[in-house]
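Novice: Have a look; sequence and predicted model below, questions after that.
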Amino acid sequence: MYSNSTLVVVPARGNSKRVQNKNSLVIHGQPMIYWPLMAISENINPDGIIISTDSVNIRLLSEKRGWMSHSSGPTTCMYT
């Protein structure tokens, strides 16, 4: 049974310092971003999962599977 009162925000930056577009890379037949999202979806209602990303590709991949996404700008995705 899903927890209806939980909101999960998954940050998914489009590029990494070392591996370009790593969240979109296919690993065992799925884009890398799918694996944590599928694990989270086992216990959290998919309506309570939001992917925050600066990548149009990650946004489209997420929405294709029914997860909501939020377009974050360059100021929210700075390296720390």
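Specialist: Noted; the coordinates are in hand. Residues are numbered from 1 along each chain as shown.
Novice: and residue 35, that one's in a helix?
Specialist: Yes - using DSSP: H, G, I helix; E, B strand; the rest coil, the assignment for residue 35 is a helix.
Novice: was I right about it contacting residue 27?
Specialist: Yes - counting by C-beta atoms under 8 Å, residue 35 touches residue 27, with 7.0 Å between them. The way it works is simple: take the backbone N, C-alpha and C, and place the C-beta from them, glycine included.
Novice: Quick check: beta-bridge partners of the spatially most central residue of the chain?
Specialist: Central residue of the chain (C-alpha atoms, centre = their mean): residue 51, 4.1 Å from the mean position. Counting by DSSP bridges, residue 51 forms beta bridges with residue 10, residue 69.
Novice: Numbering from 5 from now on, please.
Specialist: New numbering, starting at 5: the last item is residue 55.
Novice: Now do the contacts for it.
Specialist: Residues in contact with residue 55 (C-beta atoms under 8 Å, 6 or more residues apart in numbering) are 13-14, 16, 37, 41, 62-63, 66, 71-74.
Novice: between those, which is closest to residue 51?
Specialist: Among those, residue 72 lies closest to residue 51 (C-beta to C-beta), at 7.4 Å.
Novice: Can you report how many residues lie near the residue nearest to residue 57 when sequence neighbours are not counted?
Specialist: Closest residue to residue 57 apart from its sequence neighbours, by C-beta to C-beta, 6 or more residues apart in numbering: residue 16 at 4.4 Å. Close neighbours of residue 16, defined as other C-beta atoms under 10 Å, add up to 23.
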